[in-house]
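Quick one: sequence plus predicted model below, questions after.
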Amino acid sequence: MEVAAVGVVLTALIGYVSGRQVPPAPPLQAAQKIDFNVLTASWNLIRNTMRHRQVFMAIIAISFFWTVGTVLFIQFPPLAKNVLYASKEVASLFLVMFSVGIAIGSMSINALLKGTVSARYSPASVLVMGAFVVAFHLVCRMWPDMRGHDLMDVATFIAQPLAIPLLLCLLGIAVAGGMFVVPLYAFLTTVVDKSETARTIAANNIVNSGAMVAGALIAGALSGAGVALVDQLLLGAAMCVVSAWLGWLLYKAERTA
């Protein structure tokens, strides 16, 4: 715990020092009156994004992505313990793999697009993500029954025959997810006028938060209804299909803009 606490403090300090190196960004318009009513202020922010069709569609697609991500994140600890018979450290390994995969996907899509902002690869990327979710589900279904044994630590888990295919599926989910979502975030800062960028990001964060809460409620409802953890993964795959459709609509709007 002490090592983790020191790591958190050091990361915060590095972030603070790095943030101080960001060039100043003075406001591009006069200060506006602050609306202290959270509900009306939030709604007005979201409503303003609806004027920009591409931006609003990007926000909806991003929100679906984070709904899928929330469902997966919620499932990792109980999935590791109750299906894979692994310890909480293995669940943490899943989160690390997911984070690394997102980073790889971000760099990969930037290389493919050569620095341009486009949703060209987003529909295909999220369909690939859905395919990896299905593959992850199938590997979990094939996992041997190890009830009665102690929970496996990371080393014991990785030694299992199906562990590497499972981790590769998880990495594939994250890489494809990064390739899907990163270009959509770019829309939020390039399509709108620079004076609206901060408000657009704020609107995106509000909608994303609502989507993540919805994902958590859906996962809880499925568990309450007795749906097996492994089968709940298929919900994420189905949501990827919806995200692909939204990404395609966004790309069509991009081409006709």
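Everything's here; your move. Numbers count the residues shown, from 1 in each chain.

So Leu84 belongs to a helix, correct?
No: counting by DSSP: H, G, I helix; E, B strand; the rest coil, Leu84 is located in no helix; its state is coil.

Next, the contact list for the closest residue to it other than its chain neighbours, please.
Of all residues not flanking Leu84 in the chain, Trp143 sits nearest, at 5.7 Å (CB to CB, 6 or more residues apart in numbering). Yep, even glycine has a C-beta here, placed from its N, CA and C like the rest. Trp143 makes contacts with Val83, Leu84, Leu162, Leu166, as judged by CB atoms under 8 Å, 6 or more residues apart in numbering.

Let me see the backbone angles for Trp143.
As for Trp143, its main-chain torsions (degrees, to the nearest 10) stand at phi -60, psi 130.

thinking again about what came up before, top of the contacts of Trp143 by number of neighbours, please.
In terms of neighbours by other CB atoms under 10 Å, those top out with Leu84 at 25 neighbours.

Quick check: phi and psi at it.
Per-residue torsions, Leu84: phi -100, psi -10 (degrees, to the nearest 10).

any idea how far Asn82 is from Cys140?
Separation of Asn82 from Cys140 (CB to CB, to the nearest Å): 11 Å.

the more surrounded of the two?
Cys140 (20 against 13).

Counting neighbours, what do you get for the nearest residue to the more buried one once chain neighbours are set aside?
Leaving aside its sequence neighbours, Cys140 sits nearest to Val230 (CB to CB, 6+ apart; 4.7 Å). By the criterion of other CB under 10 Å, Val230 has 19 neighbours.

still on that earlier bit, of the contacts of Trp143, closest to Thr116?
Thr116 lies nearest to Leu166 out of these, by CB to CB, at 35.1 Å.

what about the closest one, distance to Leu79?
10 Å.

any residues in contact with both of those two?
The contact sets of Leu166 and Leu79 overlap at Cys140 (CB under 8 Å, 6+ apart).

Which pLDDT value belongs to the residue lying closest to Asn82 once chain neighbours are set aside?
Nearest residue to Asn82 in three dimensions, chain neighbours excluded: Leu229, at 6.4 Å (CB to CB, 6+ apart). Looking at Leu229, its pLDDT reads 79.

Then Ile173?
92.

Ala219 contacts Leu229, correct?
No: in this structure Ala219 lies outside contact range of Leu229 using CB atoms under 8 Å: 9.4 Å.

okay, those two: which has more neighbours?
Between Ala219 and Leu229, counting by other CB under 10 Å, Ala219 is the more crowded of the two (23 against 19).

so how far is Thr70 from the more buried one?
Ala219 is 7 Å from Thr70, where distance means CB to CB.

Also Ser108?
Taking CB to CB, one finds Ser108 at 23 Å from Thr70.

which of the two has more neighbours?
Thr70 (21 against 17).

which SSE is that one in?
Element membership for Thr70, per DSSP states H and E: helix 53-82.
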